[in-house]
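[1] need coordinates for the following:
(chains A, B, C and D)
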Protein chains: 2
Amino acid sequence: MTSLGEYALLDQSWHDVVPDAARRMLIAAAQAFADKGYHATTTRDIAARAGMSPAAVYIHYRSKEDLLFQISRIGHERSLKVLTGVQDPDPVDRMARTVASFARWHAEFRTTARVVQYELGALSPEHHAVVAELRRKIETHVRSMVEEGVRSGAFTVPDLKGTSLAVLSLCIDVARWYRPDGTRTPEQIGSLYADLVLRMLRTP
Amino acid sequence: MTSLGEYALLDQSWHDVVPDAARRMLIAAAQAFADKGYHATTTRDIAARAGMSPAAVYIHYRSKEDLLFQISRIGHERSLKVLTGVQDPDPVDRMARTVASFARWHAEFRTTARVVQYELGALSPEHHAVVAELRRKIETHVRSMVEEGVRSGAFTVPDLKGTSLAVLSLCIDVARWYRPDGTRTPEQIGSLYADLVLRMLRTP
DNA sequence: CTTATCTCTAAGCAACCGCTTAGTATGTCG
DNA sequence: CGACATACTAAGCGGTTGCTTAGAGATAAG
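    Numbering: from 1, shown residues only, chains lettered A, B, ... in the order given. You can find the predicted model right below:
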């Protein structure tokens, strides 16, 4: 029920959530939302996955939507950290390593990533605004990395904004198609995607 | 309510659906599913969008899931047709034109595409098997196009299956991020994507 | 006219939804 | 020990869900 195997698909960020029961509930909700979608998940599902009664959800969270918001917020923050955490003086190497780790994250922590990428619409307008700001930062960061490469002469792109969006889109969609039982490891997907993106961007 | 403006985001395939009320119901359902998701849409929503009573849904369809299946099936068939409809003796030109029209379709008919790509999980096992077969054909077709280019020497890829999946993934994800009020037209997205994909695949 | 068929609606049923209430067990501090 | 706070459950409330039933209106054939 709470084996390491199930937790392996979740990001390490959850360790900060206290108390213990609140964290178990959040993890149960993330797994349920990723598996069936927010609207198809009932609060009874979540409580059962956490091994508690339906009412226990409301000890630690205001509502079902609050659970989604916490998962989405923490997930977006982690995703942004993965994206911006790579430092490298060379724009090409930086892009390659960033794409590799960002794409890899979407495979390895697919459970979190799916909630982050596909359940935005279920957030309240106020909560949506919070994660929308984080998403804007993600888009801006990718674009500025492409821009830097273009300035250095290493990259040549026909449409800066559109190409940046395509790079980001490619990485994000990993969360949709990746299956843990497939032939490729998250690491291998990261390497492949870094290579493909450099080919897309590099000056011929 | 039933202006051309709203219908413009839907594929032309729907014209085959008869009788008239059944088609209106299917289009209303597709719009609702694309907008809010299958599980967040009620049969009363669908009926109201079609301008009929809640019970009218069940005159033409067995269930809410049956509506989803019809949309998903017709959408997948259309999507496959768009993908395989391009004929060109040159593997490079064929790939470019195919990617352009496939990516363009996901932008132009975003309503249909979103149901096709993001509501698979809500189908019954039997219905899911039907569209899964169509999806396999789509994947196979992209891979054989890449393969053909590699054989001709025009393309060089490190991982045939993985790269083909990435090309397909890039086009599909257009349905997630595209907004009709954006600066790029579906046509422009198609052109950009065709260019980006060729850069990904071409022998240096 | 009657009869049959098709398409639709008004009303409603059983089940399920998110969430609340009332109460219990456990631990902590004085 | 009693007083209080915390974390939980059993039970259930009001509202909504997908779907059904009974019947009305329209049309067309006999």
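
[2] number of nearby residues for residue A:140?
    The number of residues packed near residue A:140 is 11, by other C-beta atoms under 10 Å in any protein chain shown. Just so you know, the C-beta spots here come from the backbone N, C-alpha and C atoms, and that holds for glycine as well.

[3] so which helix or strand takes in it?
    Secondary-structure assignment from DSSP states H and E places residue A:140 in helix A:125-152.

[4] please apply the same query to residue A:34.
    helix A:20-36.

[5] what sits up against that helix?
    A:2, A:6-7, A:9-10, A:14-15, A:17, A:41, A:45-47, A:49-52, A:56-57, A:59-61, A:67-68, A:70-71, A:110-112, A:114-115, A:119, B:121 (C-beta atoms under 8 Å, 6 or more residues apart in numbering or on different chains).

[6] please see if it touches DNA strand C.
    No. Judged by C-beta under 7 Å from any atom of the strand, helix A:20-36 and DNA strand C are separated, with a smallest distance of 9.8 Å.

[7] need the nearest residue in space to the residue of chain A found nearest chain B, chain neighbours excluded.
    Proximity of chain A to chain B (C-beta to the nearest C-beta) peaks at residue A:39, 3.6 Å away. Spatial nearest neighbour of residue A:39, chain neighbours left out: residue B:39 (3.6 Å); criterion: C-beta to C-beta, 6 or more residues apart in numbering or on different chains.

[8] one more: residue A:41?
    residue A:32 (4.3 Å).

[9] quick check: closest non-adjacent residue to the residue nearest to the spatial centre of chain A.
    Centroid-nearest residue in chain A: residue A:113, 3.5 Å away (criterion: C-alpha atoms, centre = their mean). Nearest non-adjacent residue to residue A:113, counting by C-beta to C-beta, 6+ apart: residue A:175, 3.8 Å away.

[10] also residue A:197?
    residue A:99 (4.7 Å).

[11] so which of the contacts of helix A:20-36 are also by DNA strand D?
    A:47, A:52, A:56, A:59, A:60.

[12] tabulate the CA atom coordinates of stretch A:44-62 in CSV.
    Provided in CSV are the C-alpha atoms of stretch A:44-62 (Å, rounded to 0.1, in the frame of the first residue of the first chain):
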residue,chain,number,x,y,z
ARG,A,44,-13.7,8.5,-0.9
ASP,A,45,-11.1,7.1,-3.4
ILE,A,46,-8.4,9.4,-2.0
ALA,A,47,-9.2,8.5,1.6
ALA,A,48,-9.2,4.7,0.8
ARG,A,49,-5.8,5.0,-0.9
ALA,A,50,-4.5,6.7,2.2
GLY,A,51,-6.0,4.1,4.4
MET,A,52,-8.3,6.5,6.2
SER,A,53,-12.0,7.4,6.5
PRO,A,54,-13.6,9.8,4.0
ALA,A,55,-13.9,12.5,6.6
ALA,A,56,-10.1,12.4,7.3
VAL,A,57,-9.5,14.4,4.1
TYR,A,58,-11.0,17.5,5.7
ILE,A,59,-8.8,17.4,8.8
HIS,A,60,-5.8,18.5,6.7
TYR,A,61,-7.4,20.1,3.6
ARG,A,62,-10.2,22.5,3.0
